[in-house]
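Asker: I'll drop the sequence and a predicted model, then ask my questions.
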Amino acid sequence: MQATLAQQRVEAAAKLRAAEDATAAAADRMADLAAQKKKVSDELTARAAAFAPMLPLIERLALFPSETLLAVPAPPRDTLRGLLVLQGLSREIGRQAAELKKEQAQLDDLTAQMKAAAPALAAAEAVQAQQEAALDAEIANASASRQSAEDAATAADQAAAQDAARARTLKDALARIAAARQAALVRAERAARAARRAEEARRAASAEAQEASLSAPTGAGLGTPHGDILAPVAGKLVRGWGDQTLAGPATGVSYATPPGARVISPCGGTVVFGQPFRSYGLLLIVDCGGGYDFVLAGLDRLDVSVGQRLQTGEPVGVMAGWTPRQPNQRPKLYLELRRDGNPVNPTPWLRAQG
């Protein structure tokens, strides 16, 4: 039953991704126009400010050209030189006025383009909202059907996550999670042996079930990279592995997302962490098995809980909304791939975009 519901969520998320791609294209267009408009507007403002001090002189030359030139008595040679200077100034004033007119026309054109692009963005957002409602219904259905009783593996994962939240680094957090799960497995094995020795069948069966659950692989692992993992969110890659940052070369990749985009799990596995962590903000860690963990940061909301088993492509959370007319506020999803706690380049596993 749970597997069927999970598959339905995967399919709903895939359908939503197509709508989000359309929203991303429209939002990118609007954001690009907004950035161009701001640039032209700033240039126009700066040019107008530089032009302002010359306005009194321009007005006087227009009304009293001779008087302006002869205002200060001077030898004929200086008067001639002043005339040449004024001619050059007149040409510069004309050039500046033409540039102002050109930039104003460009600004008006960009404003018109943004107005024309708005209906396409609104239509894409409407389709996305419709698909989001369908996915939310799937998630609500899954939450209602999920057993309220926590098995041993879920309880162990939640305890490990709480301990990991106190870690100073992400690597330390992952190490704490792995150690806590191993410790829980050892306790379950001891409890099962003790129950069998005491010939308490019911307690032994419960302990053995806990042992089996805790010893089960969290995921199937990633295997050899073939570039077949879908990006966890719609949008565009804005920072790649190894790109230079203030903290040094990037150890992950970042995606600029469309408004309210859904985030999916890049692998099948188990949620082992899902809460704010240090400077990462809201952080999600999915244990894919085989020593691999996907780390996702920058989400606005999580739709999964620690201990939950996931299928590849299953929705796990939502990015924040934003206004394409203010592109500098666009949210970004950060993705890391860790193997045995150490960051590795996820690019060979990820499907090429576009």
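Answerer: It's in.

Asker: what ranges does the protein have for its strands?
Answerer: 236-239, 244-245, 248-249, 253-256, 262-264, 269-277, 281-289, 292-297, 301-302, 309-310, 315-318, 332-339, 342-344 (DSSP state E).

Asker: can you list those strands in JSON lines and add mean pLDDT, mean neighbour count and distance to residue 120?
Answerer: The C-beta positions use only the backbone N, C-alpha and C, and glycine is treated the same way. Formatted as JSON lines, the strands of the chain follow (pLDDT from 0 to 100; neighbours: other Cβ atoms under 10 Å; distance: least, Cβ to Cβ, whole Å):
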{"stretch": "strand 236-239", "mean pLDDT": "94", "mean neighbour count": "16", "distance to residue 120": "18"}
{"stretch": "strand 244-245", "mean pLDDT": "90", "mean neighbour count": "10", "distance to residue 120": "34"}
{"stretch": "strand 248-249", "mean pLDDT": "92", "mean neighbour count": "8", "distance to residue 120": "38"}
{"stretch": "strand 253-256", "mean pLDDT": "96", "mean neighbour count": "22", "distance to residue 120": "19"}
{"stretch": "strand 262-264", "mean pLDDT": "96", "mean neighbour count": "27", "distance to residue 120": "21"}
{"stretch": "strand 269-277", "mean pLDDT": "95", "mean neighbour count": "22", "distance to residue 120": "35"}
{"stretch": "strand 281-289", "mean pLDDT": "96", "mean neighbour count": "23", "distance to residue 120": "31"}
{"stretch": "strand 292-297", "mean pLDDT": "97", "mean neighbour count": "24", "distance to residue 120": "29"}
{"stretch": "strand 301-302", "mean pLDDT": "95", "mean neighbour count": "16", "distance to residue 120": "27"}
{"stretch": "strand 309-310", "mean pLDDT": "92", "mean neighbour count": "22", "distance to residue 120": "34"}
{"stretch": "strand 315-318", "mean pLDDT": "96", "mean neighbour count": "24", "distance to residue 120": "23"}
{"stretch": "strand 332-339", "mean pLDDT": "96", "mean neighbour count": "21", "distance to residue 120": "23"}
{"stretch": "strand 342-344", "mean pLDDT": "96", "mean neighbour count": "15", "distance to residue 120": "39"}
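
Asker: nearest to residue 13, of those strands?
Answerer: Among the strands of the chain, the nearest to residue 13 by Cβ to Cβ is strand 315-318 (4.4 Å).

Asker: for the strands of the chain, give me TSV that also has distance to residue 108.
Answerer: TSV is the format used below for the strands of the chain (distance: least, Cβ to Cβ, whole Å):
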stretch	distance to residue 108
strand 236-239	29
strand 244-245	38
strand 248-249	44
strand 253-256	28
strand 262-264	37
strand 269-277	45
strand 281-289	40
strand 292-297	41
strand 301-302	40
strand 309-310	50
strand 315-318	37
strand 332-339	32
strand 342-344	48
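
Asker: among the ones you listed, which is nearest residue 4?
Answerer: strand 309-310 (13.3 Å).

Asker: packing partners for that closest one?
Answerer: Applying 3 or more Cβ pairs under 8 Å, 6 or more residues apart in numbering; DSSP states H and E, one finds that strand 309-310 makes contact with helix 2-51, strand 269-277.
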